[in-house]
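Peer 1: sequence-free structure coming up:
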């Protein structure tokens, strides 16, 4: 649970924003005491935008803006303390800066406080406090907080499961363009969670998220085209969507793309490509891909036959309790 919240905190460090003025102009203005440009210069140093990335400099400029009451600078300074970037990791300082920003209504700070309490990061775990802060951010219009609150209601994390409330918060975030919320809505329509099952609506929400380059949604689009649920069955389109997600490291998409290349469905049959995609997924722990790669080595398809290499990949799959891989090892007398 803590790992999930830590990842979410990392993703919430910086909002999506436009970069406009040149860095030299911003530096001059920041040095002259312009608080907004002190914050902007901190962002540039943190992101490495038009300037060499330097977390220590980001801390310096955020601090100057934060000490003059700039709420988002306070939040971002809290993030740097939280993750130990440019400063020694210090949860107390992180929380202190988040609270200063939250007192001004900064929803990102409110959300981060909520995530720290919910995950027990630097504070004793307190689901009630976590929920209160996340709800406060969500009610303030923060799309990521709304998505997080939707997740909590959908899966019963810190609250009783409530699909209707999950839908409500996902819709608020999805209407603001949040791709995770759009993806979750697509899944709820697909499975009929809290709504009547509607494959067409599911595809519509997945497509919105996929249009933003969101890998899970691209993978879902591949699944829909492969199955013909909500769209006409089209393996060429399935392969296209799988490829988009696979290039971004989505292991399920990589495995499924490997299957299409192996079987020559939606793409020209190419065992080498199949091996490539199975390997990519297997190397990041996908058990079915490890099993598929083991089969390719066992039978010498797309690679030189290598039984030891086959055993290696079967064993990786077995470590994730893959039944087929265990059976293959038994057949080979290598269990």
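Peer 2: Done, it's in. Since the model is a prediction, treat every value here as computed from it, not as a measurement.
Peer 1: pLDDT wise, what is the residue lying farthest from the centre of the chain at?
Peer 2: Going by Cα atoms, centre = their mean, the residue of the chain most distant from its centre is residue 333, 40.6 Å out. With respect to pLDDT, residue 333 scores 96.
Peer 1: and for residue 158?
Peer 2: For residue 158, pLDDT reads 88.
Peer 1: mind listing what it touches?
Peer 2: 118, 127, 128, 130, 131, 152 (Cβ atoms under 8 Å, 6 or more residues apart in numbering). Using the backbone N, CA and C atoms, a C-beta is placed for each residue, glycine as well.
Peer 1: got a pLDDT number for the residue nearest to it when sequence neighbours are not counted?
Peer 2: Distances taken as Cβ to Cβ, 6 or more residues apart in numbering put residue 127 closest to residue 158, at 3.8 Å, once the chain neighbours are dropped. The pLDDT attached to residue 127 in the predicted structure is 90.
Peer 1: numbering from 747 from now on, please.
Peer 2: Let's use 747 as the start, then, which means that last one is residue 873.
Peer 1: residue 873 contacts residue 864, correct?
Peer 2: Yes - using Cβ atoms under 8 Å, residue 873 is in contact with residue 864, at 6.1 Å.
Peer 1: so which of the contacts of residue 904 are in strands?
Peer 2: Using DSSP state E, no member of the contacts of residue 904 sits in strands.
Peer 1: quick check, nearest of those residues to residue 1010?
Peer 2: Nearest to residue 1010 among the contacts of residue 904: residue 898, at 44.1 Å, using Cβ to Cβ.
Peer 1: I'd like to know how many residues surround that closest one.
Peer 2: 26 (other Cβ atoms under 10 Å).
Peer 1: okay, it: pLDDT?
Peer 2: Here, the pLDDT recorded for residue 898 equals 95.
Peer 1: ok, and the closest non-adjacent residue to residue 960?
Peer 2: residue 925 (3.8 Å).
Peer 1: which ones are touching the one you found?
Peer 2: Taking Cβ under 8 Å, 6+ apart, we find residue 925 in contact with 954, 955, 958, 960, 963.
Peer 1: state the pair within those residues that is farthest apart.
Peer 2: Between any two of those (Cβ to Cβ), the greatest distance is 9.1 Å, for 954 and 960.
Peer 1: where do the contact lists of those two overlap?
Peer 2: Contact criterion Cβ under 8 Å, 6+ apart; residues shared by residue 954 and residue 960: 925, 928.
Peer 1: can you flag the buried ones in the contacts of residue 904?
Peer 2: By neighbour count, with 16 or more other Cβ atoms under 10 Å, the contacts of residue 904 hold 864, 876, 877, 898 as buried.
Peer 1: the second one: what's it in contact with?
Peer 2: The reference is to residue 876. Residue 876 neighbours (Cβ under 8 Å, 6+ apart): 860, 861, 862, 863, 864, 865, 904.
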